[in-house]
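**Q** What follows is a predicted protein model with its sequence.
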Amino acid sequence: MNLVQTHLLIPLLLFIFHLLLTLCSSYPTPLNCTDTTRLCTSFLGFKPNSNQTLSVLQSMFDVLPEDITVEGSDRGYVFIRKNCSCASTIHKYLTNTTFTVRENGGSVYDMVINAYGGLAFLSNSNREARVGGVVSLRLFCGCSSGLWNYFLSYVMSDGDSVQSLASRFGVSMDSIETVNGISNPDNVSVGALYYIPLNSVPGEPYPIENDVAPSPPPEPPVDNIAVNQVNHKAHVPYRWIFGGLGVGLALIIIVVLIFVSLRSSTHFTEALGGHGKDSDDKSSQKFHILRNTSFCCASGRYICCKSGDWKQSNGESSDCQINIPKVIGTDVFDVEKPVVFTYEEMLSSTDGFSDSNLLGNGTYGSVYYGLLRDQEVAIKRMTATKTKEFLAEMKVLCKVHHTNLVELIGYAASEDELFLIYEYAQKGSFRSHLHDPQNKGHTPLSWIMRVQIVLDAARGLEYIHEHTKPHYVHRDIKTSNILLDGGFRSKISDFGLAKLVGKTSDGEESATRVVGTFGYLAPEYLRDGLATKKSDVYAFGVVLFEIISGKEAITRTEGVMMKNPERRSLASIMLAALRNSPDSTSMTSLKDHIDPNLMDLYPHDCVFKVAMLAKQCVDDDTILRPDMKQVVISLSQILLSSVEWEATLAGNSQVFSGLVQGR
């Protein structure tokens, strides 16, 4: 290459780098974080279109009705309350949600960005959209360092300015400029993401004609979810950022290739060849969590994979029977049934089931962390003698899908072992965060986080009781079977003991063999062996007592269990305390049993209401126990009151962190 060519090439490269730097520096980046245990309440500003009703917003953002407020003006914005946490892999503040694909055509990336605008962060953007697919994605959020109570993630629209936003949300221009690193308030970009610091909950309660009533997971309308023109613009910055980087990189590559070609055409030819990769490689295939799954029965060593009712297979040869140990991976983007993994994948994903990957031991097997096809999963490992429990869990989780129930991804088997693969709950079990959390490396949960977690669990339990056909009873509700995702939203797990609820002339009935965990078992279940939905309600009442006291369902005194079985239960201890605590202003006896990890940071009236709800749940008379629908309504109201209490404690970072700090 001669001197003239070199002089032409260098300015071109400098121009491209300058273009990329200008493009990327025009928009704020997600907020950085270092403390991966940090959790806080945050808000997302969103402008829905006319088709995006309350139920659609609930589905889009994976929230409850009380998490949505509306702006008291004609701007048409809603504010979504989300738990925000520090993503451990990239050290950015993000919150989780799921997006359901409603129609074929285009990429998942385009559909998600069109729906959420600049609020969404999504990788794997070239994946093709398929109807019924559920995409896990993250939304940008933020946690305050203590100067403010909340951060609102807001996408700048036409007519917005730092001054107008400051006036609109009642904050200073300096605070917005400080949080976002804005040096020139006149130089803000439409469609860019900014963070608005707040000291109070934005908006007003969403107008609902009737009381909040639990329901099955809300189904968005058939029409493709889309935002209005303003929010459509909101996705432009991130498209431009990634697109600009791609174009710039391509230009650099082209320039370099031209440079190389001027020196050697042979080198240029070699640079283009020999780098292909088989796109059909099943071992590298990823999967996503299925929400609409069809799967029939399993019996012995075979599983019959077709849509329809469960039927027993006698092992005769047929087209639908699959020998579990010999099956290979299934493309979950093309079919709607659990993925069949190989035993070799189980070994490789868990490092040979190493102790370092052991998450815990359950009633019927051990659970391991696994990295399976580039995604985190939880793998339950059980012996082949546990076929009954294996099939029971498959039967329930292949039919039942809810955001507050753990999702089954697939299964595998060897000659003497069975495996169930679930979505991975990043924060582990509720039990580990509730009982002696500091010794387990956790920060104690705040009062509001505890109420949110049990409300989520109540909604999942209410779903299997009321909204599935047939109905189910879980039979093993306890804090160790309530799992927490990265945003501390809970999911009920371990359906190995779940049973159908049948109807007879005498009413509701279920299984007669007593199983479960002592301390959570209803008295009529212990006496008669009859498991009903009210048996689950009793166990849930014990969980409610646990969030108040921080104690186990079975208590110990000086390391030795009490001799009287009745006095060993947490339920009996809390009921005795309530007898001497007539109301929230006279609850001295109850206060003696409130978890000291709460550090007196709780609303007394709300704690008392939860205690009274727990008392109703563990009533000896099953008729007097509420059903889970009533429990959800009560907890929803208690959570709303707790959030209002939180708003009165402006500036108390111990409360607003979502976790109780300082211990």
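**A** Thanks, I have it.

**Q** low-scoring pLDDT stretches of the chain, where are they?
**A** 1-29, 73, 103-105, 122-134, 208-337, 363, 500-514, 556-568, 650-663 (pLDDT under 70).

**Q** How is it divided into domains?
**A** If you go by automatic domain parsing, the domain ranges for the chain are 3-23+240-269, 31-234, 284-423, 428-656.

**Q** Thr69 versus the closest residue to Ser175 other than its chain neighbours, what's the distance?
**A** Leaving out its chain neighbours, the residue that sits closest to Ser175 by Cβ to Cβ, 6 or more residues apart in numbering is Pro197, at 4.8 Å. (Glycine included, C-beta is placed from N, CA and C.) According to Cβ to Cβ, to the nearest Å, Pro197 and Thr69 sit 17 Å apart.

**Q** Met173 now?
**A** Per Cβ to Cβ, Met173 is found 24 Å from Thr69.

**Q** what do you get for His401?
**A** 28 Å.

**Q** Equivalent analysis for Val188, please.
**A** 25 Å.

**Q** for the stretch of helix or strand Ile464 belongs to, packing partners?
**A** If you go by DSSP states H and E, Ile464 is part of helix 447-466. If contacts are counted by 3 or more Cβ pairs under 8 Å, 6 or more residues apart in numbering; DSSP states H and E, helix 447-466 sits against helix 430-434, strand 472-473, strand 482-484, strand 490-492, helix 533-549, helix 604-617, helix 628-647.

**Q** Can you list the buried residues in the longest one?
**A** What it means is helix 628-647. 628-636, 638-640, 642-643, 645-647 (16 or more other Cβ atoms under 10 Å).

**Q** between it and helix 447-466, how many degrees?
**A** On the basis of axes from the mean of the first three to the mean of the last three Cα atoms, to 10 degrees, helix 628-647 is oriented at 160 degrees to helix 447-466.

**Q** contacts for helix 628-647?
**A** 41, 64-66, 81, 149, 200-201, 211-214, 447-448, 451-452, 454-455, 458-459, 461-462, 465-466, 533, 536-537, 540, 603, 605-606, 609-610, 613, 617, 626, 655-656 (Cβ atoms under 8 Å, 6 or more residues apart in numbering).

**Q** hmm, which of the residues you listed are the buried ones?
**A** 41, 64-66, 81, 149, 201, 214, 447-448, 451-452, 454-455, 458-459, 461-462, 465-466, 533, 536-537, 540, 603, 605-606, 609-610, 613, 617, 626, 655-656.

**Q** Show me what the nearest residue to Thr387 once chain neighbours are set aside is bridged to.
**A** Among residues not flanking Thr387 along the chain, Leu418 sits closest, at 6.9 Å (Cβ to Cβ, 6+ apart). Beta-bridge partners for Leu418, by DSSP bridges, are Met382, Ala413.

**Q** oh, and call the first residue 890 from now on, that's how I've got it
**A** From this message on, residue numbering opens at 890, which makes the last subject Leu1307.

**Q** check contacts around Leu1307.
**A** Contacts of Leu1307 (Cβ under 8 Å, 6+ apart): 1270-1273, 1275-1276, 1279, 1300-1301.

**Q** try it again with 10 Å
**A** 1187, 1213, 1253-1254, 1269-1276, 1278-1280, 1283, 1300-1301 (Cβ atoms under 10 Å, 6 or more residues apart in numbering).

**Q** Just the ones in helices from these, please.
**A** 1276, 1278-1280, 1283 (DSSP state H).

**Q** picking up where we left off before, and the gap between the residue nearest to Ser1064 and Val1060?
**A** Applying Cβ to Cβ to Pro1086 and Val1060 gives a distance of 6 Å.

**Q** Then Lys1288?
**A** Applying Cβ to Cβ to Lys1288 and Val1060 gives a distance of 49 Å.

**Q** Please apply the same query to Ser1369.
**A** 43 Å.

**Q** host element of Ser1025?
**A** strand 1023-1029.

**Q** If you count contacts, what does that strand end up packed against?
**A** strand 928-935, strand 967-975, strand 982-989, helix 997-1005, strand 1009-1010, strand 1039-1044 (3 or more Cβ pairs under 10 Å, 6 or more residues apart in numbering; DSSP states H and E).

**Q** quick one: buried residues of that strand?
**A** Buried residues in strand 1023-1029 (16+ other Cβ under 10 Å): 1023-1024, 1026-1029.

**Q** could you give the angle of it to strand 1039-1044?
**A** Using the same axes, to 10 degrees: strand 1023-1029 against strand 1039-1044 is 110 degrees.

**Q** what angle do strand 1023-1029 and strand 967-975 make?
**A** Using the same axes, to 10 degrees: strand 1023-1029 against strand 967-975 is 90 degrees.

**Q** Give the pairing partners of strand 1023-1029; include direction for each.
**A** strand 982-989 (antiparallel), strand 1009-1010 (antiparallel).

**Q** Of those strands, which is nearest Val1044?
**A** Evaluated over the strands paired with strand 1023-1029, closeness to Val1044 peaks at strand 1009-1010, with 10.2 Å, by Cβ to Cβ.

**Q** Residues in contact with the closest one: which ones?
**A** Contacts for strand 1009-1010 (Cβ under 10 Å, 6+ apart): 919, 976, 979, 981, 983-984, 986, 988, 998, 1001-1003, 1026-1029, 1082, 1123-1124, 1127.

**Q** Dump stretch 1340-1355 to CSV, restricted to CA.
**A** These are the backbone C-alpha positions of stretch 1340-1355, laid out as CSV (Å, rounded to 0.1, in the frame of the first residue of the first chain):
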residue,chain,number,x,y,z
VAL,A,1340,-45.9,-9.6,52.4
GLN,A,1341,-45.2,-9.4,48.6
ILE,A,1342,-43.7,-12.9,48.7
VAL,A,1343,-46.6,-14.5,50.5
LEU,A,1344,-49.1,-12.7,48.3
ASP,A,1345,-47.3,-14.1,45.2
ALA,A,1346,-47.4,-17.6,46.7
ALA,A,1347,-51.1,-17.2,47.6
ARG,A,1348,-51.9,-16.3,44.0
GLY,A,1349,-50.2,-19.4,42.8
LEU,A,1350,-51.9,-21.6,45.3
GLU,A,1351,-55.3,-20.0,44.6
TYR,A,1352,-54.7,-20.7,40.9
ILE,A,1353,-54.3,-24.5,41.3
HIS,A,1354,-57.3,-24.6,43.8
GLU,A,1355,-59.7,-22.6,41.7
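
**Q** For Asp1365, which residues are in contact?
**A** 1251-1252, 1381-1387, 1404-1406, 1409-1410, 1425, 1428.

**Q** Could you pick out which of those are located in strands?
**A** Per DSSP state E, strands hold the following members of the contacts of Asp1365: Ile1381.

**Q** Which one (most neighbours) among the contacts of Asp1365?
**A** Neighbour counts for the contacts of Asp1365 (other Cβ atoms under 10 Å) peak at Asp1425, which has 31 neighbours.

**Q** Surely that one touches Arg1364?
**A** Yes: Asp1425 lies in contact with Arg1364 (Cβ atoms under 10 Å); the separation is 7.2 Å.

**Q** Identify the contacts common to those two.
**A** Joint contacts of Asp1425 and Arg1364 (Cβ under 10 Å, 6+ apart) are 1387, 1405, 1409, 1414.

**Q** burial measure for the last one, as a count.
**A** It refers to Tyr1414. The burial count for Tyr1414: 26, using other Cβ under 10 Å.

**Q** Now it: which helix or strand?
**A** In this assignment (DSSP H and E), Tyr1414 forms part of helix 1412-1417.

**Q** can you list contacts of that helix?
**A** 1362, 1364, 1399-1401, 1403-1405, 1407, 1410-1411, 1419-1421, 1423-1425, 1427-1428, 1455, 1460, 1507-1511.

**Q** Only the buried residues of that helix, if you could.
**A** Of the residues in helix 1412-1417, those buried (16+ other Cβ under 10 Å) are 1412-1414.
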